[in-house]
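Visitor: Just the structure for this:
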Amino acid sequence: MEGWMHGLIEFVRQNQVWAAPIVLLLAFGESLAFISLLLPAWGALVAIGALVGASGISFWPVLIAGAIGAALGDWLSYWFGFKYKDQVAQIWPLSKFPELLPRGEAFVKKWGVPSIYIGRFFGPLRASVPLAAGIFEMPYWRFQVANFTSAFIWAGVLLLFGDGLSMTVEWLWKLK
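Guide: Below is the predicted model of the structure:
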């Protein structure tokens, strides 16, 4: 994990009241098409999930914050794709990854609404599926229902994975 992530995790460990706002921002950035390509944050979300179990941070506010952040990031990506359509591929950093939008387009066309759920869990797709859904005008409310429900599932999986990992390490440590 990069140095800034270690510092961020340590900050959350020492200042637990900031866990939910930080998770909201990390999930937003991880789900926002342009930012997620440059700064993947899922590792920090898993690490904060590990802190939830290990340090007594309340799970539900962190889960809700993560889900809202992820859903807002995808909503903004959808809106951007809807509004700017063909211009999106020319914008940096997407211009450096020309294969992402065609892959996202093919994925959205093949899978429809389930692509929102599936794409949420795969890095490059997470960045391109909401954009492609906006560009190709997936019906707004269908997108939003899939967006918000998949965001809750995604945030829960990452946080619970971190929590489970923390419990497993603690259990193994006790066996020594």
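
Visitor: Can you give me the buried ones in the least confident helix or strand in the chain by mean pLDDT?
Guide: When the helices and strands of the chain are scored by mean pLDDT, DSSP states H and E, helix 33-38 comes last with a mean of 75. Buried residues in helix 33-38, defined by neighbour count with 16 or more other Cβ atoms under 10 Å: A33, F34, I35, S36, L37. C-beta here means a position set from N, CA and C on the backbone, and glycine is covered the same way.

Visitor: which one of those residues is nearest K110?
Guide: Proximity of the buried residues of helix 33-38 to K110 (Cβ to Cβ) peaks at A33, which lies at 19.5 Å.

Visitor: who's in contact with that closest one?
Guide: Neighbouring residues of A33 by Cβ atoms under 8 Å, 6 or more residues apart in numbering: S77, F80, G81, L94, A127, S128, P130, L131.

Visitor: got CSV for those, with pLDDT and secondary structure too?
Guide: Converted to CSV, the contacts of A33 look like this (pLDDT from 0 to 100; DSSP: H, G, I helix; E, B strand; the rest coil):
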residue, pLDDT, secondary structure
S77, 93, helix
F80, 93, helix
G81, 92, helix
L94, 73, helix
A127, 74, helix
S128, 82, helix
P130, 93, helix
L131, 90, helix
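
Visitor: Which one of the residues you listed is nearest to W173?
Guide: A127 (36.6 Å).

Visitor: Quick one: neighbours of the closest one, just the number.
Guide: If you count neighbours by other Cβ atoms under 10 Å, A127 ends up with 29.

Visitor: wait, isn't it in contact with L100?
Guide: Yes. Applying Cβ atoms under 8 Å as the test, A127 and L100 come out as touching, 6.4 Å apart.

Visitor: what's the spacing between P40 and L158?
Guide: From P40 across to L158, the span is 12 Å (Cβ to Cβ, to the nearest Å).
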